[in-house]
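>>> Coordinates for the following, if possible.
(chains A, B, C and D)
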Protein chains: 2
Amino acid sequence: MNIGQAARLSGLSAKMIRYYESIGLLKAAHRTDSGYRVYGDDDLHTLAFIKRSRDLGFSLEEVGKLLTLWQDRQRASADVKALARQHIDELNQKIRELGQLRDTLQDLVEHCHGDHRPDCPILKNLESGCCP
Amino acid sequence: MNIGQAARLSGLSAKMIRYYESIGLLKAAHRTDSGYRVYGDDDLHTLAFIKRSRDLGFSLEEVGKLLTLWQDRQRASADVKALARQHIDELNQKIRELGQLRDTLQDLVEHCHGDHRPDCPILKNLESGCCP
DNA sequence: ACTTGACCTTGCCAGCATGGCAAGGTTGAT
DNA sequence: ATCAACCTTGCCATGCTGGCAAGGTCAAGT
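I've put the predicted structure just below:
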């Protein structure tokens, strides 16, 4: 099949597929005489794997590692687990940070009377960086 | 003071300050005869405002709006409150998404025995995209 | 055979926000 | 005079994706 159909079936865009090939995440696709990329079921499988990994928030670099592990019959599942764990830690870290930002903002918002008067504790805090 | 000191005192980098000026977030700084940018206490105040806003997760575009409101004596605090609320909503949305990703991954990790055997439910799930 | 439209190709530019490096000018102290 | 520390501008890189352009190819309808 051509790239368009591969894109539709995998949920990626044609652009992304070409990009992934260009950065070496995918091995170069077979080509027709006229230069069209051709994909088979195996390739589609790989594309779907990438799509799913991206949806789970893995970076392309991490996806690369996962692909390597996936294609390595000798892999230890511990390796994969470690990678997933690391990603979970990163997610938790990010979640904590965002939560703190939200709480700070929430505090500020609650102290703002929010009417037409110009006096605004939020801006005051942004100025001074203290006393929320 | 020069840009380096302004950077140190505000917590931004000199590079960022120049960038903010180039995109119009900051008005052009005064220059010495030799072309060095010169900052006064007012400018420093503005830089600190930006730094604090960025730390709270506002995008540069949002910081621009906040700056306008900050410098507008006629502003209604309701405007600021609305902007902060919107940002809180975005943060909550992001937190929810990341939390879902983490939970999915956590499930996968828990089903992976994580030893030297190659059989790995995480990779199996990434393949199929179903049955976590 | 010819046109049309949908598809494919490559390549370049855009964004976010920041860092890095280079080549050159300025300042201030030794 | 020299040297270090600073400043200037400019370009490139990141990660990931979208957009647009100019051109080639394919399949179907006329």
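>>> quick check: domain ranges of chain A?
What automatic domain parsing lists as the domains of chain A is A:1-56, A:76-132.
>>> The last one vs chain B: in contact?
Yes. On the criterion CB under 8 Å from any CB of the partner chain, domain A:76-132 is in touch with chain B at A:76-78, A:80-82, A:84-85, A:87-88, A:91-92, A:94-95, A:98-99, A:101-102, A:104-106, A:108-109, A:112-123, A:125-127, A:129. (C-beta placed from N, C-alpha, C; glycine too.)
>>> And for the first one?
Yes. Counting by CB under 8 Å from any CB, contacts between domain A:1-56 and chain B involve A:45, A:48-49, A:51-53, A:56.
>>> Next, the distance between the ends of that domain.
Domain A:1-56 stretches 27 Å from its first residue to its last (CA to CA, to the nearest Å).
>>> what pLDDT, on average, does that domain get?
For domain A:1-56, mean pLDDT rounds to 93.
>>> Repeat that for the last one.
Confidence over domain A:76-132 (mean pLDDT, whole number) is 80.
>>> The residue nearest in space to the middle of chain A in helix, strand or coil?
Nearest to the geometric centre of chain A sits A:Gly57, at 3.6 Å (CA atoms, centre = their mean). Secondary structure assignment for A:Gly57 (DSSP: H, G, I helix; E, B strand; the rest coil): coil.
>>> I'd say it and B:Leu101 touch.
Yes. Using CB atoms under 8 Å, A:Gly57 is in contact with B:Leu101, at 4.6 Å.
>>> Could I have the PyMOL command that selects the buried members from the residues of domain A:76-132 next to chain B?
Buried members of the residues of domain A:76-132 next to chain B, defined by 16 or more other CB atoms under 10 Å in any protein chain shown, are picked up in PyMOL with:
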select buried, chain A and resi 76+77+78+80+81+84+85+87+88+91+94+95+98+101+102+104+105+106+108+109+112+114+120+121+122+123+125+126
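>>> what kind of secondary structure is the spatially closest residue to A:Ile95 that is not a sequence neighbour in?
In space, and not counting its chain neighbours, A:Ile95 is closest to B:Leu98: 5.0 Å by CB to CB, 6 or more residues apart in numbering or on different chains. B:Leu98 carries the three-state label helix when classified by three-state DSSP.
>>> What separation is there between B:Leu98 and A:Glu97?
B:Leu98 sits 10 Å away from A:Glu97 when distances are taken as CB to CB, to the nearest Å.
>>> what does A:Glu21 give?
Separation of A:Glu21 from A:Glu97 (CB to CB) stands at 34 Å.
>>> picking up where we left off before, among the residues of domain A:1-56 next to chain B, name the ones in helices.
In helices, defined here by DSSP state H, the members of the residues of domain A:1-56 next to chain B are A:45, A:48-49, A:51-53.
>>> all helices for chain A, in order.
Per DSSP H, chain A carries helices over the ranges A:3-10, A:14-22, A:41-55, A:60-71, A:77-110, A:121-128.
>>> right, so of those helices, which gets closest to DNA strand C?
For the helices of chain A, proximity to DNA strand C was assessed by CB to the nearest atom of the strand; helix A:3-10 is nearest, at 2.4 Å.
>>> Packing partners of that closest one?
helix A:14-22, helix A:41-55 (3 or more CB pairs under 8 Å, 6 or more residues apart in numbering or on different chains; DSSP states H and E).
>>> Quick one: closest of the ones you listed to DNA strand D.
Of those, nearest to DNA strand D by CB to the nearest atom of the strand is helix A:14-22, at 4.4 Å.
>>> which residues are in contact with the closest one?
A:3-4, A:6-7, A:10, A:12, A:26-29, A:37, A:47, A:50, A:60 (CB atoms under 8 Å, 6 or more residues apart in numbering or on different chains).
>>> show me which of these neighbour DNA strand D.
Taking CB under 7 Å from any atom of the strand as the test, DNA strand D is in contact with A:Leu60 out of those.
>>> Just among the contacts of helix A:14-22, which is most surrounded?
Neighbour counts for the contacts of helix A:14-22, by other CB atoms under 10 Å in any protein chain shown, peak at A:Ile50, which reaches 25 neighbours.
>>> Pretty sure that one sits against A:Gly64.
No. The pair A:Ile50 / A:Gly64 is not scored as a contact, 9.4 Å apart, by CB under 8 Å.
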